[in-house]
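Undergrad: Predicted coordinates and the sequence they were generated for:
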Amino acid sequence: MHPQRRIFAALQLVGGPLVLGSYGYGLLRWPETAAAMWGGVPEAMRQSYIFFMFAAAAGYLALTQLFFFHAHPNRARVLGRGYWLLHLAYALVLFPSALWMPLTKMLLDAPSRGLWLAVRLDLAAVALGSLLLAGAAATLRPGLQPMQRRLALLGATAFCLQTVVLDALIWPALFPAPQ
């Protein structure tokens, strides 16, 4: 396996379980906090959020398989750069995602402006990584087959709707800032 693909796989094999583990741990360890984690998101919007969480997960998987199986590290150009840019994008998505729930729990337990800002920066990092992945899907060269390109762009759109719009823009706007 190409060394760049090994790094890509390692990011997925380490980062993916960290994200899922942090959510699983948080929900099992702090069940009483689950409702507070929604912040000010109205009850009526929560079903849409949950739908987009699943759509985003499917989009993430579609993008990941595309980049792993169809982008050759020696030839791929991602946003005019090399395959390594995917490593940066995935690191920005995975590692801050794993930190979101513990940071938010800390914020709920001891509200402070600094923790509120840390949570917002954490979500902004994920959003930036998501936008990089979307850009990578749109500009990946050599070109993809038309169906692959459509699936990649659909997956990127679903992932960005969740991570950029819902998580990085709407959720923080509705989460009360500490005084």
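TA: Okay, I see it.

Undergrad: so the nearest residue to Gln162 once chain neighbours are set aside is in which element?
TA: Distances taken as Cβ to Cβ, 6 or more residues apart in numbering put Ala56 closest to Gln162, at 3.5 Å, once the chain neighbours are dropped. C-betas here are computed from N, CA, C, even on glycine. Ala56 is located in helix 43-70, with elements delineated by DSSP states H and E.

Undergrad: Check the most centrally placed residue in the chain and give its pLDDT.
TA: Here the mean C-alpha position of the chain is nearest to the C-alpha of Val93 (Cα atoms, centre = their mean), at a distance of 4.1 Å. At Val93, the model reports a pLDDT of 98.

Undergrad: Val164 is in contact with that one, correct?
TA: No: in this structure, Val93 is not within contact of Val164 by Cβ atoms under 8 Å, at 11.1 Å.

Undergrad: so what sits against both of those two?
TA: Ser130 (Cβ atoms under 8 Å, 6 or more residues apart in numbering).

Undergrad: what about the residue nearest to the centre of the chain, distance to Glu43?
TA: Counting by Cβ to Cβ, to the nearest Å, the separation of Val93 from Glu43 is 28 Å.

Undergrad: Could you do Gly82 as well?
TA: Distance from Gly82 to Glu43, by Cβ to Cβ: 46 Å.

Undergrad: Of these two, give the one with the bigger neighbour count.
TA: Using other Cβ atoms under 10 Å as the criterion, Gly82 and Glu43 rank with Gly82 on top: 15 against 8.

Undergrad: and the more buried one, backbone torsions?
TA: phi -90, psi 180 (degrees, to the nearest 10).

Undergrad: what residues are up against it?
TA: 73, 76.

Undergrad: again, 7 Å this time
TA: Residues near Gly82 by Cβ atoms under 7 Å, 6 or more residues apart in numbering: none.

Undergrad: Against Leu128, how distant is it?
TA: Counting by Cβ to Cβ, the gap from Gly82 to Leu128 is 19 Å.

Undergrad: per-residue confidence for the residue nearest to Gln162?
TA: Per the predicted model, pLDDT is 96 at Ala56.

Undergrad: so how many other residues sit close to it?
TA: Going by other Cβ under 10 Å, the residues that sit close to Ala56 add up to 21.

Undergrad: Equivalent analysis for Trp116, please.
TA: Trp116 has 18 neighbours, counted by other Cβ under 10 Å.

Undergrad: List the buried residues for the helix or strand harbouring it?
TA: Assigned by DSSP H and E, Trp116 falls within helix 113-139. For helix 113-139, the neighbour count (16 or more other Cβ atoms under 10 Å) marks 115-116, 118-120, 122-137 as buried.
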